[in-house]
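> missing the sequence, but the structure's below:
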């Protein structure tokens, strides 16, 4: 008789449903116990699809004293009292905030409050959600004689959804300021609070006004409270990974290596060296026994891409790595700096920490591939079909040494790509970003401003048989050629067996495009 297939909790984020349904579960209850008993008011930021809702649900069952659900789990050996508390769980995840605006937020808050007002027999004369929330917490504590547990899932969803709409975003912030003020005004009636989200908006009162809110986002002891560690992968999914290996006709070790390359690499503390796997991608992969890009497809980051395109950010740093201070990393102001949002959203992660600076880069292959695939049509202003055709043509040109075809494709795409050049986003950035995006689409290696002994090469493109050295000059090809020769850029590749092609490229400021080019 064949074994029953393993049950994976795809789309299930409720703790009791996972336990009662005997779904695969990675035991995080020791961390849950430590968090619940190490303080009172916490904030945790993690990327989407990283188990934040399951963490909230687990805490809800724990504080409700649902002891039977935790049989056989680590917390069973830690908790002896199982005291029950009234729990208010507020989920702001599902609503059309960008489309319906303030109406959506007010309706969502009203729905959450009304549920508990009915449960605890309270009717508030107030219309303001902040006042109602304050009165509700006070009423429940008085009626039950117990302090209240408040769990807020995706506290920032109204803000991240409207981050590119300044006026609407400001209105959302004002409502949430008043709502979250309850967490301070009712402090004596609160046993425990956890807010989860993707981003930390420090200008919201919840962070600027609450001196008792502890941000555990980068605490090493909670680095693995969401996600899957290497040890947890082996302990919980070894047989499933063997099935994956069998289905893909590779060894089990090769399957582990592929999982690591595609889904591992997240670090949530500079003091923790261990990488964390994306849990959503892991269980999707093991369920269908195929390695694909899962996480990115769950929600296309349209707002993020639009903001990136408008920003003065140099996209070429994404693959080479970006350094940023702790202060800049902890706050989001997309008008000044896109890096915090990219980090907190999970598109970048910590790769190193030295002298007060974080080194950030793509966490893994899944994120890098999917980000590039989705970035291209927005940044280059193309449709999928045309984009795919251009990518194929460019790959053939690069791999075959067809210089003129390669340059014509660059020129064609630059002509289609809107250029918003200004003092903060110079024209050179437009050229570099566009060429970098295009070459990344092909899968060939590209490096911008590559350092050498005598200077920096504007663009280096590497394929199996060719190395292209491009000097981009807002002037003439003669000037660009002179720089290549004077600084001996080709010398950096004398030991390489591939053919080196040096290209002097003249840029035309009037057309915001490539003018002409010649080999050196």
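Yes, it's here. Worth saying up front: this structure is predicted, and the values here are computed from it rather than measured. Numbers count the residues shown, from 1 in each chain.

> and the nearest residue to residue 346 once chain neighbours are set aside, backbone torsions?
For residue 346, the nearest residue in space outside its immediate sequence neighbours is residue 47; the separation is 2.7 Å by C-beta to C-beta, 6 or more residues apart in numbering. Glycine gets a C-beta too; all of them are placed from N, C-alpha and C. Dihedral angles phi and psi of residue 47 (degrees, to the nearest 10) take the values phi -60, psi 160.

> quick one: contacts for residue 47?
Contacts here follow C-beta atoms under 8 Å, 6 or more residues apart in numbering; on that basis residue 47 touches 198, 266, 278, 344, 345, 346.

> for the fourth one, phi and psi?
The phi/psi pair for residue 344 (degrees, to the nearest 10) reads phi -70, psi -20.

> Just give the closest residue to it, not the sequence neighbours.
Spatially, and ignoring its direct neighbours in sequence, residue 344 is nearest to residue 199 (4.6 Å; C-beta to C-beta, 6+ apart).

> where does the one you found land in three-state SS?
On the three-state scheme (DSSP: H, G, I helix; E, B strand; the rest coil), residue 199 is labelled coil.

> So it versus residue 234, what's the distance?
Relative to residue 234, residue 199 is positioned 32 Å away (C-beta to C-beta, to the nearest Å).

> Same check on residue 215?
According to C-beta to C-beta, residue 215 and residue 234 sit 31 Å apart.

> What of residue 414?
For residue 414, the distance to residue 234 - C-beta to C-beta - is 48 Å.

> The two: which has the busier surroundings?
The neighbour count for residue 414 versus residue 234, taken as other C-beta atoms under 10 Å, is higher for residue 414 (21 against 11).

> Pretty sure that one sits against residue 434.
Yes: proximity of residue 414 to residue 434 meets the contact threshold set by C-beta atoms under 8 Å, at 5.5 Å.

> Please, which helix or strand holds residue 89?
According to DSSP states H and E, residue 89 maps onto strand 87-91.

> Show me what that strand is packed against.
Here strand 87-91 is seen to pack against helix 52-63, helix 102-119, helix 129-144, strand 148-153 when contacts are counted using 3 or more C-beta pairs under 8 Å, 6 or more residues apart in numbering; DSSP states H and E.

> Out of these, flag the one nearest residue 182.
For residue 182, the closest of the helices and strands packed on strand 87-91 is helix 129-144, at 4.5 Å, according to C-beta to C-beta.

> residues of that closest one that come out buried?
Buried residues in helix 129-144, counted by 16 or more other C-beta atoms under 10 Å: 129-141.

> Out of the residues you listed, flag the one nearest to residue 185.
Sorting those by how near they are to residue 185, with C-beta to C-beta, puts residue 134 at the top with 5.7 Å.

> Who are the contact partners of the closest one?
So, once contact is read as C-beta under 8 Å, 6+ apart, residue 134 ends up touching 181, 182, 185, 186.

> now swap in residue 137 and tell me
Neighbour list for residue 137: 88, 148, 150, 182, 186, 189, 190 [criterion: C-beta under 8 Å, 6+ apart].

> pretty sure the first one is in contact with residue 153, am I right?
No: here residue 88 lies out of contact with residue 153, judged by C-beta under 8 Å, at a distance of 11.4 Å.

> residues contacting the spatially most central residue of the chain?
Residue closest to the average C-alpha location in the chain (C-alpha atoms, centre = their mean): residue 346, at 1.8 Å. Applying C-beta under 8 Å, 6+ apart, one finds that residue 346 lies in contact with 46, 47, 48, 50, 198, 266, 295, 363, 367.

> Can you classify it as helix, strand or coil?
With three-state DSSP as the criterion, residue 346 was assigned coil.

> quick one: it and residue 280, what's the gap?
Where residue 280 is concerned, residue 346 sits at a distance of 11 Å (C-beta to C-beta).

> Mind listing the shared neighbours of the two?
50, 295.

> ok, residue 127 - contacts?
Counting by C-beta under 8 Å, 6+ apart, there are no residues that residue 127 touches.

> do residue 248 as well
255, 258, 289, 290, 291.

> For burial, what's the neighbour tally of residue 120?
Here the count is done by other C-beta under 10 Å, and residue 120 has 14 residues near it.

> Can you tell me the closest non-neighbouring residue to it?
Skipping the residues right next to it in sequence, residue 120 comes nearest to residue 140 by C-beta to C-beta, 6+ apart, at 5.1 Å.

> Any buried residues in stretch 271-290, and which?
Counting neighbours by 16+ other C-beta under 10 Å, stretch 271-290 gives 272, 275-287 as buried.

> Sorry, wrong one. I was asking about stretch 21-36.
Neighbour counts using 16+ other C-beta under 10 Å place 24, 25, 26, 28, 29, 31, 32, 33, 35, 36 of stretch 21-36 among the buried residues.

> circling back to that earlier point, could you dump the contacts of residue 137 to JSON lines with distance to residue 401 and pLDDT?
Supplementary listing: the contacts of residue 137 in JSON lines, determined by distance: C-beta to C-beta, whole Å; pLDDT from 0 to 100:
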{"residue": "88", "distance to residue 401": "66", "pLDDT": "98"}
{"residue": "148", "distance to residue 401": "70", "pLDDT": "98"}
{"residue": "150", "distance to residue 401": "64", "pLDDT": "98"}
{"residue": "182", "distance to residue 401": "66", "pLDDT": "91"}
{"residue": "186", "distance to residue 401": "70", "pLDDT": "94"}
{"residue": "189", "distance to residue 401": "73", "pLDDT": "97"}
{"residue": "190", "distance to residue 401": "68", "pLDDT": "97"}
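
> Just name the closest of these to residue 490, please.
Nearest to residue 490, judged by C-beta to C-beta, of the contacts of residue 137 is residue 150 at 64.1 Å.

> these two touch, right, the closest one and residue 189?
No: counting by C-beta under 8 Å, no contact exists between residue 150 and residue 189, whose distance comes to 9.9 Å.

> The two - which one has more neighbours?
Set side by side, residue 150 and residue 189 show more neighbours around residue 150, with 23 against 18, by other C-beta under 10 Å.

> For the more buried one, which non-adjacent residue is closest in space?
residue 193 (4.6 Å).

> ok, now which ones touch that neighbour?
Here residue 193 is in contact with 40, 41, 42, 149, 150, 151, 152, 183, 213 (C-beta under 8 Å, 6+ apart).

> For the nearest residue to the last one once chain neighbours are set aside, grab phi and psi.
With sequence-adjacent residues excluded and distances taken as C-beta to C-beta, 6+ apart, residue 213 is closest to residue 41, at 5.0 Å. The phi and psi torsions at residue 41 (degrees, to the nearest 10) take the values phi -130, psi 110.

> Tell me the pLDDT of residue 345.
Per-residue pLDDT puts residue 345 at 84.
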